[in-house]
Each structure stands twice: as C-alpha cells, then as structure tokens.
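In: Here is my input, please return the structure:
(one chain, ligands or ions: 1)
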Amino acid sequence: GRGNYRHFMEKELHEHPAVLGDTLRQYLDPKTLEVRLPRLPFDPAKITRLTISACGSAFLAGMVGRYWIEQLARLPVDADVASEFRYRNPPLAEGGAAILISQSGETADNMAALRLLKDAGQHVLSVVNVPESSMARESHGALLTVAGPEIGVASTKAFTAQLAVLACLAIGFGRARRELSTLDEGRLAQTLLEVPSHAAAILEQDAQIRALAVEVAKARDVLFLGRGALYPIALEGALKLKEISYIHAEGYAAGEMKHGPIALIDSEVPVIALCPSGPLFEKTASNLQEAAARGGRVMAFTDAEGAAALSRFAERVIILPKVGEFSTPILYAIPVQLLAYHVAVLKGTDVDQPRNLAKSVTVE
Ligand code: F6R
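Out: Sure, this is the predicted structure:
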C-alpha cells in the first residue's frame with residue numbers, strides 16, 4: 001500500500017535515498033571504494049562502440065550514461081530511443097556491445113531492439129528493475145536496479161536507480177579501459193556513496209519545492225534547461241511535468257536557447273534551470289541572464305555558490321546541497337520529479353494514473 005502518502009508517486013519519491021543506497025551497495029564496495037560488477041556479456045576493454053537503447057525516462061537515463069561513459073571510459077556511445085533505433089538499421093560491427101535500459105523489462109519497442117541487436121551479433125546487457133522480465137531473460141546479461149516495485153505510472157525511483165547502475169558501469173568501464181586510476185575510482189565512488197544522504201536532504205526541501213510548484217502550476221508552457229549530463233535531466237523534468245500535470249513543457253540544452261526557443265520567452269513562461277556551480281556554470285548562467293533580459297522568469301536549482309550569482313536576476317532560487325559534479329544528474333532528478341508531483345497535485349490530476357498512459361507499454 002501507499003501508507004501515509006497521498007499517492008504511490010509521493011511514496012516512491014520518498015524511497016529515493018533507500019533505493020539509491022541499495023542499488024549502489026550492489027555494485028560498489030563502500031570499504032574499498034571499488035566498483036564490483038558481475039560478469040558482463042562483453043569485455044569493456046575490447047569494444048570500440050556501445051549502443052544504448054531505451055524508451056521514455058529510461059532513455060533519458062541512457063543519455064546521462066552516454067555522457068558518463070564517454071567521459072570516464074573514452075568509449076564512443078550511441079544512445080537512441082528504441083522506436084527509432086529498431087527502424088534505423090544502424091551499422092553494427094559483429095561482436096559489438098549494447099545496453100538496454102527498462103524498468104518493466106517488457107517495453108515492446110525495446111524488446112524489438114533486443115531481438116534485432118542479438119540477430120546482428122551484438123552482446124546485450126540489460127539494466128532492468130524486474131528480474132523475471134522478458135528483457136532480463138532474453139539478454140545475455142542483466143544488471144538489476146534495486147528499486148522495488150514501482151506502482152506510479154511516472155517513473156521516479158527506478159529512474160535514479162538506473163542512473164546509479166550506469167554510474168557504476170561508467171566507472172567500471174573506465175577502470176577496465178585504463179582511463180581511470182584507482183584514485184579516480186575512489187574519488188568517484190566516494191561521491192556516489194554520499195548520494196543517499198544528499199537525496200534525503202533534498203526531499204526535506206519539500207516545502208520550498210511546493211512553493212515553486214504554486215508558480216509553475218499557473219503556467220501554460222514551461223522550459224527546462226541544463227547542460228552536459230544535466231541536459232537529459234532537463235528533459236526528464238519536462239517529460240514528468242507533461243506526463244502528470246498536462247502542462248506543456250520542453251527541455252533544452254541551455255546552449256540551444258538562442259537557436260530558437262528563446263523566441264518563446266516572455267513574462268509568462270517559467271524557465272527552470274538546473275545550474276549547479278562547476279565547470280559549466282558560467283555558460284548556463286549567461287544563457288539564463290539572456291532569458292531574464294528578455295523578461296523571462298528564471299527559476300533555478302543550484303547550490304549556495306551558484307545562488308550567489310543567479311540571485312541577481314532569477315525570480316526564484318532553490319539551494320540544493322553542494323555535491324560532487326559526477327552525482328549531480330542523480331540528485332537534480334529528484335527535485336524536478338518532486339516539482340512535477342506538486343504541480344500535478346495542485347492541478348488535481350490523477351497523479352498515479354495519468355490519462356492515456358500505461359505503466360508497461362507492451363504494444364508498439
Ligand atoms: C516516464 C515513464 C515512461 C517510461 C517508459 C519506459 O515517467 O515512466 O517514459 O520510462 O515507458 O518504460 P520501461 O522503463 O518500463 O521500459
């Protein structure tokens with residue numbers, strides 16, 4: 001049951017710290033700070049390319065995985081939605097490697113992608129939440145997210161658990177390919193091990209996020225912006241808001257603003273930015289300043305350091321804990337999901353069963 005929570009989604013949002021801890025403990029040794037992966041269906045040191053296929057939020061997790069794996073393991077990654085991948089007829093070298101990501105492990109388009117990949121001689125690893133699912137069974141290997149059952153149609157804890165697994169894979173690949181030292185591994189592992197407690201701290205900012213939701217609930221259109229591995233999280237924020245509140249939202253790479261979407265900016269459109277301090281901060285901040293200069297209502301998720309600069313022009317700033325750059329996609333996913341939840345509650349929509357959607361999409 002959903003206990004004292006109003007919706008399964010709310011309960012599942014509050015399970016983030018436990019689920020992230022459980023999933024990380026599965027693949028990361030907290031004592032030695034080493035990634036421990038089970039036997040994989042391919043050798044990450046020997047492959048030259050990786051294909052990632054998934055749908056919806058799971059695909060957005062895959063996009064983050066692409067940033068991480070390319071960065072840490074210097075391995076080229078192709079990430080696509082399964083419905084495109086399966087009809088794209090992409091050139092695949094015999095003996096190549098692929099990762100499929102799915103909560104249910106039953107999504108029709110991704111099952112088709114799995115069969116196509118196997119027919120093309122690829123070694124397929126799936127990242128799934130349901131151990132007895134078709135995808136887990138038919139793949140050459142499976143890594144489980146330890147998220148427990150997810151009842152709310154909108155994915156929450158399963159998404160961050162997918163990110164946790166992909167983070168461990170990226171570190172493991174980096175080690176196997178000799179792109180990361182044990183020191184780097186230890187530093188990244190340490191950052192990941194701090195994620196559950198940061199996740200709990202973020203959930204305690206519920207009242208602030210609800211106050212932001214009051215503003216967002218009045219909007220007809222909302223833009224989410226991010227850069228680097230936070231760009232897919234901007235897409236996740238927009239997807240979740242559309243899905244459960246029925247407000248039109250779009251996610252954009254912050255640097256793409258001036259190539260079109262800035263034309264939408266006026267005093268009605270909230271521009272929600274994921275903008276922690278760090279290497280890309282100045283770039284995103286300058287995009288936001290441009291939006292503010294055109295009357296845009298900038299609302300930023302950042303840390304104390306970032307807040308100092310953004311408060312000069314942002315209408316609202318939500319200060320999240322300062323976390324290691326590597327873990328920002330996992331942690332910044334939580335407030336955008338929570339924001340969508342509160343907006344939906346304010347709008348009075350059916351949060352756990354949004355119209356026209358099914359938890360498991362077993363038809364094309
Ligand atoms: C978004 C959402 C969907 C799923 C997608 C894939 O909140 O829940 O976009 O992520 O339908 O489902 P799985 O992960 O079961 O393959």
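In: if I pick Ala120, what's in contact with it?
Out: Counting by Cβ atoms under 8 Å, 6 or more residues apart in numbering, Ala120 touches Leu92, Glu94, Gly96. In short, each C-beta sits where N, CA and C put it, glycine included.
In: how about a cut-off of 6 Å?
Out: Counting by Cβ atoms under 6 Å, 6 or more residues apart in numbering, Ala120 makes contact with Leu92.
In: and it, how far is that from Pro17?
Out: 40 Å (Cβ to Cβ, to the nearest Å).
In: Show the pLDDT at the residue in the stretch 1-150 of the chain that the ligand sits nearest to.
Out: In the stretch 1-150 of the chain, no residue comes nearer to the ligand than Gly56, which is 1.9 Å away by Cβ to the nearest ligand atom. For Gly56, the pLDDT comes out at 97.
In: Name the nearest residue to the residue nearest the centre of the chain, sequence neighbours excluded.
Out: By Cα atoms, centre = their mean, the mean C-alpha position of the chain lies nearest to Ala61, the distance being 4.2 Å. In space, and not counting its chain neighbours, Ala61 is closest to Gln162: 3.9 Å by Cβ to Cβ, 6 or more residues apart in numbering.
In: And that neighbour, how close does it get to Asn287?
Out: Gln162 is 28 Å from Asn287, by Cβ to Cβ.
In: Strands along the chain, start to end?
Out: 28-29, 34-35, 50-54, 77-81, 97-102, 123-128, 141-144, 221-226, 248-253, 270-274, 297-302, 316-319 (DSSP state E).
In: Reformat the ones you listed as a markdown table; add distance to Gln337 and mean neighbour count.
Out: Converted to a markdown table, the strands of the chain look like this (distance: least, Cβ to Cβ, whole Å; neighbours: other Cβ atoms under 10 Å):
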| stretch | distance to Gln337 | mean neighbour count |
| --- | --- | --- |
| strand 28-29 | 23 | 18 |
| strand 34-35 | 26 | 20 |
| strand 50-54 | 17 | 26 |
| strand 77-81 | 20 | 19 |
| strand 97-102 | 17 | 30 |
| strand 123-128 | 19 | 25 |
| strand 141-144 | 21 | 20 |
| strand 221-226 | 12 | 26 |
| strand 248-253 | 13 | 20 |
| strand 270-274 | 12 | 27 |
| strand 297-302 | 12 | 26 |
| strand 316-319 | 14 | 19 |
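In: Would you mind naming what in the stretch 51-200 of the chain lies close to the ligand?
Out: Within the stretch 51-200 of the chain, the positions lying close to the ligand (Cβ under 6 Å from any ligand atom) are Cys55, Gly56, Ser57, Ala58, Ser102, Gln103, Ser104, Thr107, Asn110, Ala154, Ser155.
In: Then the stretch 251-364 of the chain?
Out: Counting by Cβ under 6 Å from any ligand atom, the stretch 251-364 of the chain sits next to the ligand at Ser360, Val361.
In: Please work out which residue of the stretch 251-364 of the chain is closest to the ligand.
Out: Counting by Cβ to the nearest ligand atom, the stretch 251-364 of the chain gets nearest the ligand through Val361, at 5.0 Å.
In: neighbours of that residue, just the number please.
Out: 17 (other Cβ atoms under 10 Å).
In: Kindly report the same for Arg312.
Out: Arg312, neighbours per other Cβ under 10 Å, totals 9.
In: What does it show for phi and psi?
Out: phi -60, psi -30 (degrees, to the nearest 10).
In: Just the ones of the residues of the stretch 51-200 of the chain next to the ligand in helices?
Out: Residues of these located in helices (DSSP state H): Gly56, Ser57, Ala58, Asn110.
In: Widest-spaced pair of those residues?
Out: Ser57 and Asn110 (12.5 Å; Cβ to Cβ).
In: Neighbour count: these two, which is higher?
Out: Asn110 (29 against 25).
In: give the contact list for Arg227.
Out: By Cβ under 6 Å, 6+ apart, the contact list for Arg227 reads Ala254, Leu280, Thr284.
In: before we move on, the earlier item: more neighbours: Gln162 and Asn287, which one.
Out: A count of neighbours by other Cβ under 10 Å puts Gln162 above the other of Gln162 and Asn287, at 30 against 24.
In: The more buried one touches Gly62, doesn't it?
Out: No: with contact defined as Cβ atoms under 6 Å, Gln162 does not count as touching Gly62 (8.1 Å).
In: shared neighbours, those two?
Out: Joint contacts of Gln162 and Gly62 (Cβ under 6 Å, 6+ apart) are Ile101.
In: Tell me where the stretch 1-150 of the chain has helices.
Out: With DSSP state H, counting those that start in this stretch, the ranges of helices along the stretch 1-150 of the chain come out as 8-14, 16-27, 56-73, 82-88, 108-119, 134-138.
In: out of these, which comes closest to Asp184?
Out: helix 56-73 (8.0 Å).
In: Show residues contacting that closest one.
Out: 52, 54, 75, 77, 79, 81, 101-102, 155, 159, 162-163, 166, 170, 173-174, 177, 179-180, 229, 232, 235-236, 329.
In: what is the orientation angle of that helix with strand 97-102?
Out: If you take axes from the mean of the first three to the mean of the last three Cα atoms, to 10 degrees, helix 56-73 sits at 140 degrees to strand 97-102.
In: by how many degrees do helix 56-73 and strand 77-81 diverge?
Out: 180 degrees.
In: Phi and psi next, for the residue of the stretch 151-300 of the chain found nearest the ligand.
Out: Here the residue of the stretch 151-300 of the chain nearest the ligand is Ser155; by Cβ to the nearest ligand atom that distance is 3.5 Å. Backbone geometry at Ser155, expressed as degrees, to the nearest 10, gives phi -70, psi 130.
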